[in-house]
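Q: coords please:
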Amino acid sequence: MRLEVILSGFGGQGILFAGNLLALCGMHQGYQVSFLPVYGPEMRGGTCHCTVIISDKEIASPLVLEPSYLIIFNLPSFIKFMPRLKKGGLALVNSDLVKKEEIENFEELISGKRVIFLPLNTLSEEVGAPQSLNMCALGAFNGLLEIFPERIFKKALKEMLGEAKAHLFEPNLRAYKRGFEEVKKLG
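A: Residues are numbered from 1 along each chain as shown. Just a heads-up that it's a prediction; the model follows:
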């Protein structure tokens, strides 16, 4: 088993936190993991992305040129990374910020790929955690692939938040569950 995932969006959307959390979940599940963050000097508001590899074998390099999976939070990220997604790959896309009709060559970009559009901003707002669209995305991603059980996610989330941010555990868990449930409705 080998998952190569690129998560991308604006700085401040929790891209790096989500990628780090995904890697930690993989580690707690007993897999080899790699986490490689990349962000520009703009930070909040600028584009950032990270690469996560989860594998049952040793990982020689953290670089991923053609990912099998994308988690996309905004339009610039969609345009940048969709061409790199492998044929047959899966992209989870935030439909609140990526509108099909705004993409000039949409059909060409998605040809031969599975693309799931979910309103991540809306879903996170529905559960009272508007800044947790990243957790909605992780919930949906895990709902699609079923990589790890919820108890692993909870353990990793508690570890990432620590005591200083323990008050954020419940809102993030609600957002995660909302994303998981929403993607399961797609069948």
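
Q: in the lowest-mean-pLDDT helix or strand in the chain, what's buried?
A: Across the helices and strands of the chain, mean confidence by mean pLDDT, DSSP states H and E is lowest for helix 106-110: a mean of 87. Neighbour-count burial for helix 106-110, counted by 16 or more other Cβ atoms under 10 Å, picks out 106, 109-110. Every C-beta, even on glycine, is put in place using the N, C-alpha and C of the backbone.

Q: so how far is stretch 125-136 from its chain's centroid?
A: 13 Å (Cα atoms, centre = their mean, to the nearest Å).

Q: cool, stretch 177-187 as well?
A: On the basis of Cα atoms, centre = their mean, stretch 177-187 sits 14 Å off its chain's mean C-alpha point.

Q: show residues contacting it.
A: For stretch 177-187, the surrounding residues in contact (Cβ atoms under 8 Å, 6 or more residues apart in numbering) are 92, 116, 118, 120, 123-124, 126-127, 135-144, 150.

Q: for the most centrally placed residue in the chain, name its beta-bridge partners.
A: The centroid of the chain falls nearest to Ile71 when counting by Cα atoms, centre = their mean (4.1 Å). Taking DSSP bridges, one finds Leu7, Leu92 as the beta-bridge partners of Ile71.

Q: quick check: it touching Ala18?
A: Yes - using Cβ atoms under 8 Å, Ile71 is in contact with Ala18, at 7.4 Å.

Q: overlap in contacts of these two?
A: 7, 137-138.

Q: now those residues in a markdown table, with distance to His167 and neighbour count?
A: What follows is these, written out as a markdown table (distance: Cβ to Cβ, whole Å; neighbours: other Cβ atoms under 10 Å):
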| residue | distance to His167 | neighbour count |
| --- | --- | --- |
| Leu7 | 24 | 32 |
| Ala137 | 21 | 31 |
| Leu138 | 19 | 29 |
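
Q: take those and write them to CSV, including pLDDT and distance to Tyr31.
A: Converted to CSV, these look like this (pLDDT from 0 to 100; distance: Cβ to Cβ, whole Å):
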residue, pLDDT, distance to Tyr31
Leu7, 97, 17
Ala137, 97, 20
Leu138, 97, 16
